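A.B. asks: Everything below, folded, please.
(one chain, ligands or ions: 1)
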Amino acid sequence: MTDLGLPAVPPRSDLSMGDGLAFAARGHHFTAAPGTDIQELAQRSTEPLSAILQVTKRCDFDCSFCSEVLQLPDPKLTQLETMRDHLKGTKRIFLSGGEPLMRRDFGEIVDMFADDNFVLAVPTNATHGLQHAKRIAGKVAFANIGLEGPRGITNRVRGDYDKVMPGVRALQDEGIPISLSAVVYRSTLAALPFTVQIADVLNAGKVKLIMPLRKGNALNLDANEFITDGEASEAFGRLGELRSTYQWSPALRLTTWTPENEGHMIVVEPTGKANAWPVYDSKDLFEPIGNVLEEPIQEIWKRYRFKENHYRKYLGASIRAIGHGGGGCAA
Ligand code: SF4
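C.D. replies: Numbering: from 1, shown residues only. You can find the predicted model right below:
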């Protein structure tokens, strides 16, 4: 394992969550006891394992694959407090965006949720890492950084590599565990080994490979950039072999957009509107399921029709996984 001598933050280590469920801090994923019937567990569950809360829609990048390009006003802290109260029971919250670190009061938001024993994760482009790292250290389980590998690729498809990396270092200097997410195009396939090499040097817990969804900016992508599920699996297999050859440490995850992954995420917009995501035949791939400003997540969960997909995905049963015991996690 790569060891840069970074200050070790005690992981919010393997938190037991009842029902044989646990959150494995090192691999940033949920686990279930061997032999767990996930279908049965999902059907008798009363709330989600994981939800994505958009604390802002603003962002300083304009990634070529970004799905979240429509702007909405930021929720006020008082509204976020109500959402937090209504989200209680959800095991993990992604404090997401847009770019969540664009909010100057992001530290206050983290404090607000950290007090309630949620596992917190932050999907970020890291450009504002320096401003927030100290304040959020020890309170978030991990930061998930979007990076498509080397400078030339990241600059082309995402934003500015040289703004991302200082933020990554700032988060690491405060001991915040990181993982990487890379959106995969046909034209970026060849760079995937470099992405994992970078992740290894950064001591990232995992690298998640994600296929673009046809929404927002991705509607303007050349059709040739979308690879098939089969091609994605083949590329993932090759990457797994290289991981073994080069003894890269990060776990690898691949999520493709198959029927068994449909609607598995719950995304809460700044207005409190909760949606199943992605629902392939719905407008904007969102299927509205309620509003967490108005009702508790337990009520919303009752009408959520993708419970099994949700549990299977977050317990690693519907994704390709290499390393760290096969659990899954993703925004
Ligand atoms: S994908 Fe993320 S980092 Fe890129 S523009 Fe959208 S919100 Fe910003």
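
A.B. asks: quick one: contacts of stretch 58-77?
C.D. replies: Applying CB atoms under 8 Å, 6 or more residues apart in numbering, the external contacts of stretch 58-77 come out as 54-57, 83, 97-99, 102-103, 105, 108-109, 112, 125, 127-128, 146, 156-160, 163, 183, 185, 212-213, 215-218, 220-221, 269-272, 285. Any C-beta I mention is one placed from the backbone N, CA and C, and that applies to glycine too.

A.B. asks: Could you list the low-confidence segments of the stretch 51-200 of the chain?
C.D. replies: Within the stretch 51-200 of the chain, no range satisfies pLDDT under 70.

A.B. asks: Just the ones in helices from the contacts of stretch 58-77, please.
C.D. replies: Counting by DSSP state H, these place 83, 108-109, 112, 156-157, 163 in helices.

A.B. asks: all helices for the stretch 1-150 of the chain, in order.
C.D. replies: Along the stretch 1-150 of the chain, the segments classed as helices by DSSP state H, counting those that start in this stretch run 38-44, 77-87, 106-114, 129-136.

A.B. asks: Give me the neighbour count for the residue in the stretch 101-250 of the chain positioned nearest to the ligand.
C.D. replies: Nearest residue of the stretch 101-250 of the chain to the ligand (CB to the nearest ligand atom) works out as N125 at 4.0 Å. Residues lying near N125 (other CB atoms under 10 Å) number 27.

A.B. asks: about what we covered before: by neighbour count, which of the ones in helices among the contacts of stretch 58-77 wins?
C.D. replies: Going by other CB under 10 Å, M83 tops the ones in helices among the contacts of stretch 58-77 with 24 neighbours.

A.B. asks: tell me the contacts of that one?
C.D. replies: M83 neighbours (CB under 8 Å, 6+ apart): 53, 75, 268, 272, 292-293.

A.B. asks: And for D162?
C.D. replies: R151.

A.B. asks: R156 too?
C.D. replies: Per CB under 8 Å, 6+ apart, neighbours of R156: S64.

A.B. asks: Next: L285.
C.D. replies: 67, 213-215, 277-279.

A.B. asks: Pull out the buried residues from these.
C.D. replies: Buried positions within the contacts of L285, assessed by neighbour count (16 or more other CB atoms under 10 Å), are 67, 213, 215, 277-279.

A.B. asks: Closest one of these to S318?
C.D. replies: Nearest to S318 among these: P278, at 13.7 Å, using CB to CB.

A.B. asks: wait, doesn't the closest one sit right on I266?
C.D. replies: No - taking contacts as CB atoms under 8 Å, P278 lies outside contact range of I266: 11.6 Å.

A.B. asks: on that earlier part again, now the ones in helices among the contacts of stretch 58-77 in TSV, with distance to the ligand?
C.D. replies: Below are those laid out as TSV (distance: CB to the nearest ligand atom, whole Å):
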residue	distance to the ligand
M83	19
E108	21
I109	17
M112	22
R156	13
V157	9
K163	11
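
A.B. asks: Farthest pair within those?
C.D. replies: M112 and R156 (37.0 Å).

A.B. asks: How about the residues of this protein by the ligand?
C.D. replies: Selection of the chain residues close to the ligand by CB under 6 Å from any ligand atom yields 59, 61-63, 66, 68, 97-99, 125, 146.

A.B. asks: Leaving out the residues flanking it, which one is nearest to N291?
C.D. replies: The shortest distance from N291 to any non-neighbouring residue, by CB to CB, 6 or more residues apart in numbering, is to G272 (4.5 Å).

A.B. asks: The ligand versus the one you found, what's the distance?
C.D. replies: 19 Å (CB to the nearest ligand atom, to the nearest Å).

A.B. asks: so who does that residue touch?
C.D. replies: Counted by CB under 8 Å, 6+ apart, G272 has contacts 75, 79, 82-83, 291-294.

A.B. asks: same question, F142
C.D. replies: So F142 contacts 28, 121-122, 176-179, 205 (CB under 8 Å, 6+ apart).

A.B. asks: Beta-bridge partners for it, please?
C.D. replies: Applying DSSP bridges to F142 yields these beta-bridge partners: A121.

A.B. asks: Quick check: S16 touching A24?
C.D. replies: No - contact criterion CB under 8 Å: S16 and A24 do not qualify, at 10.8 Å.

A.B. asks: Show me which of the two is the more surrounded one.
C.D. replies: A24 (18 against 9).

A.B. asks: Which strand residues bridge that one?
C.D. replies: H29.
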